[in-house]
Each structure stands twice: as C-alpha cells, then as structure tokens.
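>>> Generate a structure from the sequence data that follows.
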Amino acid sequence: MKVNEMRQLSSEELGARVSDWQEELFRAKCTKVIGQLTDTTRIRIMRHQIARAMTIINEMKRNAPDEA
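Numbering: from 1, shown residues only. This next block holds a predicted model:
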C-alpha cells in the first residue's frame, strides 16, 4: 500500500490494518525460524510498511484539532 493510499484512510482503519500487518509479520517470522519462508525480504518490507503507517497515524493525531 502506498503512502497516498494510507493517508486517505481514517486513523481507525489504518490502525486495524497495522494490527493485521503485525500479525502477518509475526507469522512470517515464525515460518522463517522453522525454515519454510522462501522470501525473507517480505519481513523487511512488512516492517517498513508498519512504520510508515504508524508515522501517518502519529501525524494525524498531532494535526488533529484539540477537543478540550
């Protein structure tokens, strides 16, 4: 998913995607340990994608108007 596509989602939707990606990352790490993962670059790509999404979520929180 590209950054522009991530920015169009709400923070709740993006948070749900992050949790899905974290589960997928965990499964990929487990399969790597037992030697069944053939594409090890997928782990790095998922980590970067999670980091991008978390950065966008933090930007949304920082730029949100204060509700006090």
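
>>> can you count the residues close to Q49?
Here the number of neighbours of Q49 (other Cβ atoms under 10 Å) works out to 19. The way it works is simple: take the backbone N, C-alpha and C, and place the C-beta from them, glycine included.

>>> what comes up buried for the lowest-mean-pLDDT helix or strand in the chain?
Sorting the helices and strands of the chain by mean pLDDT, DSSP states H and E puts helix 3-8 at the bottom, at a mean of 92. By neighbour count on 16 or more other Cβ atoms under 10 Å, the buried set for helix 3-8 is M6.

>>> could you point out which element follows it?
As assigned by DSSP states H and E, the chain's next helix or strand after helix 3-8 is helix 11-33.

>>> ok, and what's touching that following helix?
1, 6, 9, 37, 40, 42-43, 46-47, 49-50, 53-54, 56-57, 60-61 (Cβ atoms under 8 Å, 6 or more residues apart in numbering).

>>> Can you pull out the residues in contact with the helix or strand hosting I57?
Using DSSP H and E, I57 maps to helix 41-63. Contact with helix 41-63 is made by 1, 3, 6-7, 11, 14-15, 17-18, 21-22, 24-25, 28-29, 32, 37, as judged by Cβ under 8 Å, 6+ apart.
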